Every structure is written in C-alpha cells, then in structure tokens.
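Q: Build me a model:
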Amino acid sequence: MEQLIRERGLWPTNGSLKAQCKNLKCPPGRTDCCCRRVLFSQPDFMSQKSQLEEAVELRGHICDFYPKYHCELNFIEQYWGAAKLEFRKQTRALTLKDMEKNVIKSLDSIPILQIRRYANRAARFISLYREGLTGAQAAWANRKYHGHRTLPPEYIQLAMNI
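A: Model (predicted):
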C-alpha cells in the first residue's frame, strides 16, 4: 500500500501513515488517516467493480446489490421467508437427502402469484423511499394501496402528512 501511495504522490511529508484505523473505523470526514482510507478515496479505487460484479456483467447480466437488512426491498427475502415457514410445517427429515427434498418442496410450494406480489410490494417500497418517505410512512402507504408498482402521488402526500 505504501508503494502505491508514494507513486501517486500522496505519502505524508512526516513519513508516517498506519496501514488502517483500529477496527476499520476511520474518523468522519478524514481521507488521510490511514493507507486504506487514502487508497479507497482515490477515484480509480472507488470506481473499481468487485470480482462478482465483473463476472456477472461479463455474462451479459445486471448486477444489482440491495441494501443490507432491508427485506422489504428484496422480494427474494420475502419468498425465502414464506418457504421457511412451509419447511417448518413439514415433518422432520431424518436424512440429508430427505431434508433436501423438503427444502425443494417448500420452495416449490410458494405460488408464482405470491412471488409476484412480493416483487410488486418491494417495488412499491423502493418507489416510496425514492420519494423521500421514512420507513414508517412507506409501510403505512404500502398497507393503504395495493396497486401495481408505484403509488399514486395522492397516497404519497397522505403518507408524508402522517
């Protein structure tokens, strides 16, 4: 890292820079606290795609990452939750092969219509967050309106007034 930073002319004049901040917690607003932060604040490092993104796009697909811990934005999480519920309702499997069959049966038991509803619900949440609603406002608006993918402007205004 030091060599890269020196080649870019970013090494501090005092000649001292730690590799990374403790627990990867850099001070807010600083870009020169450690080697890691100096490099990761460079435009070419920031624009570098991950190996996974490059592999997916190389095959002609779109790689889109959802925010962590936001199951309402990812319909696959809702589908997986429904499948897990079905799995728990089944009798306990005694072998790994039986368990695998039960998992597949559970995943297949969720109707495609329900999966599409999960996708539409996620699309509505995404639309609401783009409009500037909070989580509670978006949840309220999503309960009130069950249309296609986006909410009408009057529902968004109502939710903002809550």
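
Q: elements contacting the helix or strand bottoming out on mean pLDDT in the chain?
A: Lowest mean confidence among the helices and strands of the chain (mean pLDDT, DSSP states H and E): helix 153-160, at a mean of 73. Packing contacts for helix 153-160, counted by 3 or more C-beta pairs under 8 Å, 6 or more residues apart in numbering; DSSP states H and E, involve helix 135-144. C-betas here are computed from N, CA, C, even on glycine.

Q: Quick check: which element contains residue 44?
A: Here residue 44 sits within helix 43-46, counting by DSSP states H and E.

Q: C-alpha coordinates for the very next helix or strand once past that helix, CSV please?
A: Downstream of helix 43-46, the next assigned helix or strand under DSSP H and E is helix 51-58. Provided in CSV are the C-alpha atoms of helix 51-58 (Å, rounded to 0.1, in the frame of the first residue of the first chain):
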residue,chain,number,x,y,z
GLN,A,51,-14.9,-9.5,-9.0
LEU,A,52,-18.5,-10.7,-8.6
GLU,A,53,-19.9,-7.7,-10.4
GLU,A,54,-17.4,-8.1,-13.2
ALA,A,55,-18.2,-11.8,-13.6
VAL,A,56,-22.0,-11.2,-13.7
GLU,A,57,-21.7,-8.3,-16.2
LEU,A,58,-19.3,-10.3,-18.4
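
Q: what's downstream of helix 51-58, the next helix or strand?
A: Going down the chain from helix 51-58, the next helix or strand is helix 75-89, by DSSP H and E.

Q: For that following helix, buried residues please.
A: With burial defined by 16 or more other C-beta atoms under 10 Å, the residues of helix 75-89 counted as buried are 75, 77, 78, 79, 80, 82, 83, 86, 87.

Q: Turn these into TSV, columns for pLDDT and distance to residue 6.
A: Below are these laid out as TSV (pLDDT from 0 to 100; distance: C-beta to C-beta, whole Å):
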residue	pLDDT	distance to residue 6
75	90	48
77	90	45
78	92	50
79	95	50
80	94	48
82	96	54
83	96	53
86	95	58
87	96	55
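
Q: of the residues you listed, closest to residue 14?
A: residue 77 (48.3 Å; C-beta to C-beta).

Q: I'd like the distance between the closest one and residue 39.
A: Residue 77 is 33 Å from residue 39, where distance means C-beta to C-beta, to the nearest Å.
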